[in-house]
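fold the following and give me the result.
(2 chains)
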There are 2 protein chains.
Amino acid sequence: MPSLGILIAQGGGPTAVINQSLAGVVFEAHHRCAIERVYGARHGVRGILNEDLLDLSSETAANLEAVARTPGSALGSTRDKPDLPYCQEILKVLKAHQIGHFYYIGGNDSADTVRIVSEQARASGYPLRCIHIPKTIDNDLVGNDHTPGFPSAARFVVQAFIGANLDNASLPGVYVAVVMGRHAGFLTAASALARRFPGDGPHLIYLPERTFEPERFVADVKAVHDRLGRCVVAVSEGVHDAAAVPIISKLAPAAERDPHGNVQLSGTGALADLLCAQIRERLGVKRVRGETFGYLQRSFAGCVSEVDQREAFEVGERAVRFALAADRDGSVAIKRVGHYAVDYELAPLEAVAARTRVMEDALIDESGTDVTDAFRAYLQPLLGSGLPEAHRLRATAVPRQLKTR
Amino acid sequence: MPSLGILIAQGGGPTAVINQSLAGVVFEAHHRCAIERVYGARHGVRGILNEDLLDLSSETAANLEAVARTPGSALGSTRDKPDLPYCQEILKVLKAHQIGHFYYIGGNDSADTVRIVSEQARASGYPLRCIHIPKTIDNDLVGNDHTPGFPSAARFVVQAFIGANLDNASLPGVYVAVVMGRHAGFLTAASALARRFPGDGPHLIYLPERTFEPERFVADVKAVHDRLGRCVVAVSEGVHDAAAVPIISKLAPAAERDPHGNVQLSGTGALADLLCAQIRERLGVKRVRGETFGYLQRSFAGCVSEVDQREAFEVGERAVRFALAADRDGSVAIKRVGHYAVDYELAPLEAVAARTRVMEDALIDESGTDVTDAFRAYLQPLLGSGLPEAHRLRATAVPRQLKTR
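Numbering: from 1, shown residues only, chains lettered A, B, ... in the order given. Model prediction:
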């Protein structure tokens, strides 16, 4: 039998910890005598198609550890969603390089690619172990307690809202921040964990799991602003009307679309600006500020949960062990054990591929604009240690001297 | 003589370390037997006018230290720019509370308020020591090596661009990020310190110190994109044409204006979106993403330079010593000594008030779209320790097996 070679690739949006999973695979492969060659494909499946491969066996341990701590996809990524002919081309390259294991780190689209490649290998009688390694800041993979990348992105959102709330309290007005998440609101919901004192924002949280009604939004903001003199709002980029039409395309009909026909939600400040315009026009509030956290949520260097780092490494490590020990292909899934620990399972590819998890009802407050204690208990252990804490002055008021005021 | 009372207020945009300066004043005042009462005004000069004062003498040391580490203005801030009658009202309140020292933490507008109050106190024969304490993320106070708040905001920009560059390398395209700074480009220029490897972004840096030519911008981006297949751009929100007209108002004539007639630059994603539209239309690049760092630059919890923290505390501490020892009013100024240390001086209020420092020519590269080594040497020691580092894979390419590709 020829030497066992394995191939790793990274797909979809990068995260703060996706390189931990890459390192997990490579380190574990180095420890296994059965594995002689460790290849990485540049820019995901696109790099396989182009035979643009790196020999990761040559990497030093120190550099791999340093790369693991670096955000972004060290191998490069792609937005390609391979169809059947594309996957057959992938298989050709894998065969030409005598690859025995194919590991793809990504979200539900990447899992679907792994599923098709797995089926094609089986159909053609080529012995190939195909493992999907979970990754997505959206936290929308079914069968996973959570997904690597989400905890660090959630930590960014929490730290951002701690600051945004303090800034808004300093110079009161309405502040609207748009958070990533087309279908799943987990990342937007994370903003709730920024609150510490009574009256802290975000005061309103709009999730794609609930219908967004522009009239209701304006009324909600007015109520908070009337009560507190200010209002901090977290809005998911994916908010939509009852017919599932994204709000951004309702408010701005000319919104850009990607090749799949999806409206472009990230990399533009349009939704925040449009919502702010509504508040300004309808409520006459003077200071209205909108911003879009954008790619910083998944890329900002130096904002990472060490829980996320550890687990992202482990899903890579476990992927290799499953590949060597299991008699089937699959997707590595994170299961929560107690308060708080995790273990890993190999889920069937069909259970994860091209399916989308959204926030369960128990995690969303009845009002539809807040989360429940269950969500707070769910997210808190994922955020890692050393989160910054906000503190307030507790000084007493000075009696007035000028009674006329 | 009645007991000596002092009053502190915070003005303008908050920063990550403005509460260090507040704590510096309060702690130093507590150590001085001459000072019996320490008051803080809520929301800057507006709080003085409204006699909305807190007795900071009641704060515990532990809470003051915790507040000092919290971003935002703990006392609240204001955008009010007092004129003469407003300052006369301020003086009335100071007199009513037998205030002997007035400390105002803020930028050049706040310094101007201190100047007017100082003049009015002198004219009316009221014994008042007026001290301006520097603060601004824009780094635009004349006579200061740098200003408290800027180093931490610069650190945010560096960490953001380290991540943005890695994200853009993962999924190549054009990425444009808009950075705060209406007249001074220091914060935008800080993005240059995110680069580590050859080819790292930002590849182009547009500062308000240089005229922005949309044609040139498109050509610059094209040249980088042709060479590297990607392009990361840092743009100051204040970029303008040769007639000093902001680009945002040229591209979007309906841009919002504040009560002073200034075009609103922050709290909107409009400039980034407009620049991206130019690239998309003119160059036909498919993946073009824009974002606006916005208020996160000054508020993000957990991104702070310890050099900035220390100095922000010291300017407050020194302000009290100057007030007790000097025979004149003034503005505390940071002077650089060696590589790297600082000392503090009391500059005349007139030297700082309502004046704006911009980047010196020696800090800007001849191309106009980059910084010089002098700028890098200037900024590096301010950023603090523990900055994240990006690392790359160094693996060798795998020889192709399918020659036809």
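
got phi/psi on A:Phe300?
Main-chain dihedrals, A:Phe300, degrees, to the nearest 10: phi -50, psi 120.

what's near enough to touch the closest residue to chain B within chain A?
The nearest approach of chain A to chain B comes at A:Gly269, 1.3 Å away (C-beta to the nearest C-beta). Placement of C-beta: from N, CA and C, glycine included. Under the criterion of C-beta atoms under 8 Å, 6 or more residues apart in numbering or on different chains, the neighbours of A:Gly269 are A:178, A:290-292, B:268-270, B:272-273, B:290-292.

before we move on, what about A:Pro202?
A:161, A:164-165, A:177, A:191-192, A:194-195, A:232-234.

circling back to that earlier point, please name the nearest non-neighbouring residue to the residue of chain A closest to chain B.
B:Gly269 (1.3 Å; C-beta to C-beta, 6 or more residues apart in numbering or on different chains).

ditto for A:Glu213
Leaving out its chain neighbours, the residue that sits closest to A:Glu213 by C-beta to C-beta, 6+ apart is A:Asp241, at 7.5 Å.

how many other residues sit next to the one you found?
Using other C-beta atoms under 10 Å in any protein chain shown as the criterion, A:Asp241 is surrounded by 14 other residues.

neighbouring strands for whichever helix or strand A:Tyr39 is part of, and are they parallel or not?
With elements taken from DSSP states H and E, the one containing A:Tyr39 is strand A:35-41. Looking at strand A:35-41 with DSSP bridges, its partner strands are strand A:4-10 (parallel), strand A:53-55 (antiparallel).

which of these is buried the deepest?
strand A:4-10 (a mean of 26; mean count of other C-beta atoms under 10 Å in any protein chain shown).

CA atoms of that strand as PDB?
Listed next in PDB are the C-alpha coordinates belonging to strand A:4-10 (Å, rounded to 0.1, in the frame of the first residue of the first chain):
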ATOM      1  CA  LEU A   4      -1.000   7.500   3.700                       C
ATOM      2  CA  GLY A   5      -1.400  11.200   2.800                       C
ATOM      3  CA  ILE A   6      -4.000  13.500   4.200                       C
ATOM      4  CA  LEU A   7      -5.300  16.800   2.800                       C
ATOM      5  CA  ILE A   8      -6.700  19.700   4.800                       C
ATOM      6  CA  ALA A   9      -8.500  22.800   3.600                       C
ATOM      7  CA  GLN A  10     -10.400  25.800   5.100                       C
END
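
contacts for it?
The list of residues contacting strand A:4-10 from outside it, by C-beta under 8 Å, 6+ apart, reads A:18, A:22, A:25-26, A:29, A:34-41, A:44-45, A:47-48, A:53, A:56, A:73-77, A:94, A:97-106, A:135, A:320, A:323, B:170.

cool, and stretch A:113-128?
Taking contacts as C-beta under 8 Å, 6+ apart, the residues outside stretch A:113-128 that touch it are A:11, A:45, A:81-84, A:87-88, A:90-91, A:94-95, A:99-102, A:104, A:106, A:130-132, A:329, A:331, A:349-350, A:353.

which among those end up buried?
When burial is judged by neighbour count using 16 or more other C-beta atoms under 10 Å in any protein chain shown, the buried members of the contacts of stretch A:113-128 are A:11, A:45, A:81-82, A:87, A:90-91, A:94, A:99-102, A:104, A:106, A:130-132, A:329, A:331, A:349, A:353.

where's A:Ala234, which helix or strand?
Secondary structure (DSSP H and E) places A:Ala234 in strand A:231-236.

what packs against that strand?
Based on contacts counted as 3 or more C-beta pairs under 8 Å, 6 or more residues apart in numbering or on different chains; DSSP states H and E, the elements that strand A:231-236 packs against are helix A:150-170, strand A:174-179, helix A:186-189, strand A:204-206, helix A:214-228, helix A:270-283.

any idea which of those scores lowest on pLDDT?
Within these, confidence is poorest for helix A:270-283, with a mean of 92 (mean pLDDT).

after that one, which helix or strand is next?
Criterion used, DSSP H and E; the element after helix A:270-283 is strand A:288-292.

starting at the chain centroid, how far to that following strand?
If you compare the mean C-alpha spot of strand A:288-292 with that of the full chain, they lie 22 Å apart, counting by C-alpha atoms, centre = their mean, to the nearest Å.

for that strand, what is the average pLDDT?
94.

tell me which residues are up against it.
With contacts defined as C-beta under 8 Å, 6+ apart, strand A:288-292 is touched by A:173-178, A:237, A:266, A:268-269, A:271-273, A:275-276, A:279-280, B:266-269, B:291-292, B:294-296.

what about the helices in chain A?
Counting by DSSP state H, chain A has these helices, from start to end: A:18-31, A:44-49, A:61-68, A:84-96, A:108-123, A:150-170, A:186-189, A:214-228, A:247-251, A:270-283, A:296-299, A:306-325, A:349-352, A:373-379.

tell me what the fourth one is packed against?
I take that to be helix A:84-96. Counting contacts by 3+ C-beta pairs under 8 Å, 6+ apart, helix A:84-96 is packed against helix A:44-49, helix A:108-123.

out of those helices, which is the most enclosed?
A comparison of the helices and strands packed on helix A:84-96 by mean neighbour count, using mean count of other C-beta under 10 Å, puts helix A:44-49 on top with a mean of 25.

which strands and helices sit next to it?
Packing contacts for helix A:44-49, counted by 3+ C-beta pairs under 8 Å, 6+ apart, involve strand A:4-10, helix A:84-96, strand A:99-106.

go again with 7 Å.
strand A:4-10, helix A:84-96 (3 or more C-beta pairs under 7 Å, 6 or more residues apart in numbering or on different chains; DSSP states H and E).

now do that helix, average pLDDT.
Taken as a whole, helix A:44-49 carries a mean pLDDT of 97.

same question for stretch A:105-120.
Per-residue pLDDT over stretch A:105-120 has a mean of 97.

so what's the gap between it and the chain middle?
That offset, for stretch A:105-120, works out to 18 Å (C-alpha atoms, centre = their mean).

same thing with stretch A:16-31?
Computed by C-alpha atoms, centre = their mean, the chain-centroid distance of stretch A:16-31 equals 19 Å.

and if you look at stretch A:242-253?
Averaged C-alpha coordinates place stretch A:242-253 at 23 Å from its chain's average position (C-alpha atoms, centre = their mean).

residues in contact with the worst-scoring helix or strand of chain A on mean pLDDT?
Averaged element by element with mean pLDDT, DSSP states H and E, chain A has its least confident helix or strand at helix A:247-251 (a mean of 80). Counting by C-beta atoms under 7 Å, 6 or more residues apart in numbering or on different chains, the neighbours of helix A:247-251 from elsewhere in the structure are A:212, A:239-241, A:255, A:263, A:265, A:270-271, A:274.

tell me the buried residues within these.
In these, burial by neighbour count holds for A:212, A:239-240, A:255, A:263, A:265, A:270-271, A:274, counting by 16+ other C-beta under 10 Å.

what's the closest of these to B:Gly316?
Comparing the buried ones among the contacts of helix A:247-251 against B:Gly316 with C-beta to C-beta places A:Leu271 closest, at 40.1 Å.

which one is that closest one nearest to, not counting chain neighbours?
Spatially, and ignoring its direct neighbours in sequence, A:Leu271 is nearest to A:Ile248 (4.5 Å; C-beta to C-beta, 6+ apart).

near the one you found, how many other residues are there?
Number of residues near A:Ile248 (other C-beta under 10 Å) recorded here: 24.

A:Arg400 now?
By the criterion of other C-beta under 10 Å, A:Arg400 has 15 neighbours.

which phi and psi does it have?
Note on A:Arg400: backbone dihedrals following degrees, to the nearest 10 are phi -70, psi 150.

mind pulling up the pLDDT for A:Val263?
If you check A:Val263, the pLDDT there is 70.

does it touch A:Pro246 like I think?
Yes - A:Val263 sits in contact with A:Pro246 when judged by C-beta atoms under 7 Å, with a separation of 5.1 Å.

contact partners for the residue most central in space within chain A?
When C-alpha atoms, centre = their mean is applied to chain A, the residue found nearest the centroid is A:Ile137 (0.7 Å). Residues near A:Ile137 by C-beta under 7 Å, 6+ apart: A:13, A:15, A:149-150, A:153, A:180, A:187, A:297-298.
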